[in-house]
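give me the fold of what follows.
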Amino acid sequence: MSVASTPAERRQLVQALPELDAADSVAITRFLDAAWAEHGLARASVDSYRRDLEGLARWRSGQVGGLAGVDRAGLFDYLAWRTRHGWSPRSNARLLSALRAFFADSVRRGARSDDPTALLDPPKLPRLLPKALAESQIDALLAAPDVDTALGLRDRAMLELMYAAGLRVSELVGLPATAVNLRQGVLRVTGKGSKERLVPLGEESQHWLERYLQQARPQLANKRSVPADAGGQVPLFIEPSLRPPSRQAFWHLVKRYALVAGIDIARISPHALRHSFATHLLNRGADLRALQMLLGHSSLSTTQIYTLVAREHLQKLHARHHPRG
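Numbering: from 1, shown residues only. Below you'll find the predicted structure:
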């Protein structure tokens with residue numbers, strides 16, 4: 001079979017596998033419920049783990065022991081199958097994280113005596129530098145929405161806030177209305193692992209947030225009451241349907257505004273504004289520890305990759321302007 005070059009083709013490959021065995025389904029759900037309740041595993045991580053574990057279980061459907069009975073050789077075969085069909089090393093590394101957690105839990109509960117992932121090395125991942133936009137490109141992107149419309153004003157506020165606070169896309173679209181304190185100029189963000197952080201807001205982002213809340217949000221709501229989500233929180237940013245924008249919807253509008261701003265969309269990613277926030281702060285002398293807190297990174301090593309971006313920027317400036325560059 002040919003390599004599945006797109007996510008849609010890879011999903012079709014998985015959908016063509018046999019249905020999930022009932023025993024495997026119960027085992028996966030029990031593990032994920034415990035991971036969520038006891039260890040605070042984020043909902044997005046729970047969903048990712050479920051997809052990864054169910055993929056292996058369906059691939060092994062009909063084999064002795066199913067998911068619970070897989071051995072090290074079986075995991076090698078499955079990883080080789082995924083690699084042949086176009087899954088990236090990064091995807092396989094995430095899969096291995098899910099498998100390690102699942103089988104460690106199985107050993108801890110006495111469901112099996114060995115961990116088949118114990119001697120598996122994670123795939124080597126290339127160290128990819130984040131794609132940061134130039135400050136002039138950020139200015140053009142932020143100015144792209146038509147702020148004379150309710151949706152355009154909302155989009156401008158979202159773009160400004162994401163860049164001003166260095167938010168992840170999931171954090172931005174999931175913000176509750178109570179997260180913003182304009183009087184104090186701070187934003188309360190719930191990040192990965194349900195960890196909270198306070199991020200200061202600049203004058204520009206506060207200005208557009210105020211305009212959105214006073215003008216655009218009432219127009220979008222159209223005298224209707226915005227419903228709370230499953231956690232009892234009312235979303236800050238809404239669609240005309242009163243639901244918050246999805247991550248995919250926000251990604252599409254970023255690409256649309258990038259085209260309006262004359263930015264090559266190959267340089268745009270869902271994290272483009274977050275990466276640009278971090279890089280621009282470092283270029284202007286921000287402290288790495290402070291940046292770690294603003295980004296909500298649990299480890300400083302995660303934040304340090306931005307120093308490589310800043311160093312690359314300085315090298316380009318030196319090469320362009322120094323007489324001996």
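
how about the strands in the stretch 201-325 of the chain?
Using DSSP state E, counting those that start in this stretch, no strands are found in the stretch 201-325 of the chain.

residue ranges with poor pLDDT in it?
For the stretch 201-325 of the chain, residues meeting the criterion pLDDT under 70 lie at 287-288, 297-325.

nearest spatial neighbour of Gly296, chain-adjacent residues omitted?
The shortest distance from Gly296 to any non-neighbouring residue, by C-beta to C-beta, 6 or more residues apart in numbering, is to Gly191 (3.9 Å). (C-beta placed from N, C-alpha, C; glycine too.)

show me what contacts that neighbour?
By C-beta atoms under 8 Å, 6 or more residues apart in numbering, the residues touching Gly191 are Arg168, Glu171, Arg197, Gly296.

who does Val180 form a beta bridge with?
Beta-bridge partners recorded for Val180 (DSSP bridges): Leu187.

and Leu96, how close does it get to Val147?
46 Å (C-beta to C-beta, to the nearest Å).

quick revisit: and the contacts of Gly191, which of them are in strands?
Taking DSSP state E as the definition of strands, those contribute Arg197.

report the two of the contacts of Gly191 separated the most.
Longest distance between any two of the contacts of Gly191 is 11.5 Å, between Arg168 and Arg197; criterion C-beta to C-beta.

for the residue nearest to Arg211 when sequence neighbours are not counted, give me its contacts.
The spatial neighbour of Arg211 that comes closest, neighbours along the chain excluded (C-beta to C-beta, 6+ apart), is Leu153 at 6.0 Å. By C-beta under 8 Å, 6+ apart, the residues touching Leu153 are Pro145, Val147, Trp208, Arg211, Tyr212, Gln215, Ala216.

for Leu153, helix, strand, or coil?
The local conformation at Leu153, judged by DSSP: H, G, I helix; E, B strand; the rest coil, is helix.

where along the stretch 51-200 of the chain do the helices fall?
Secondary structure of the stretch 51-200 of the chain (DSSP state H, counting those that start in this stretch): helices at 72-84, 89-108, 135-142, 150-165, 169-173.

pick the most buried one from these.
Scoring these by mean neighbour count under mean count of other C-beta atoms under 10 Å gives helix 150-165 as the most buried, with a mean of 23.

need the CA coordinates for it. PDB is fine.
Extracted as PDB, the C-alpha positions of helix 150-165 are listed here (Å, rounded to 0.1, in the frame of the first residue of the first chain):
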ATOM      1  CA  ALA A 150     -18.600  42.500  14.600                       C
ATOM      2  CA  LEU A 151     -16.700  39.500  13.500                       C
ATOM      3  CA  GLY A 152     -13.800  41.600  12.300                       C
ATOM      4  CA  LEU A 153     -13.600  43.400  15.700                       C
ATOM      5  CA  ARG A 154     -13.700  40.000  17.500                       C
ATOM      6  CA  ASP A 155     -11.000  38.700  15.300                       C
ATOM      7  CA  ARG A 156      -8.800  41.700  15.900                       C
ATOM      8  CA  ALA A 157      -9.200  41.300  19.700                       C
ATOM      9  CA  MET A 158      -8.400  37.600  19.500                       C
ATOM     10  CA  LEU A 159      -5.200  38.200  17.400                       C
ATOM     11  CA  GLU A 160      -4.100  41.000  19.600                       C
ATOM     12  CA  LEU A 161      -4.700  39.000  22.800                       C
ATOM     13  CA  MET A 162      -2.900  35.900  21.400                       C
ATOM     14  CA  TYR A 163       0.200  38.000  20.500                       C
ATOM     15  CA  ALA A 164       0.100  40.100  23.600                       C
ATOM     16  CA  ALA A 165      -0.200  37.200  26.000                       C
END
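
so for it, mean pLDDT?
The predicted model gives helix 150-165 an average pLDDT of 94.

and the angle from it to helix 135-142?
If you take axes from the mean of the first three to the mean of the last three C-alpha atoms, to 10 degrees, helix 150-165 sits at 150 degrees to helix 135-142.

helix 150-165: how far from the chain's middle?
Distance of helix 150-165 from its chain centroid, counting by C-alpha atoms, centre = their mean, to the nearest Å, is 18 Å.

what's the domain layout of this structure?
In terms of domains, the chain is parsed into 7-108, 135-321 (source: automatic domain parsing).

mind putting these into a markdown table with distance to Ala118?
Shown next, in a markdown table, are those (distance: least, C-beta to C-beta, whole Å):
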| stretch | distance to Ala118 |
| --- | --- |
| domain 7-108 | 8 |
| domain 135-321 | 24 |
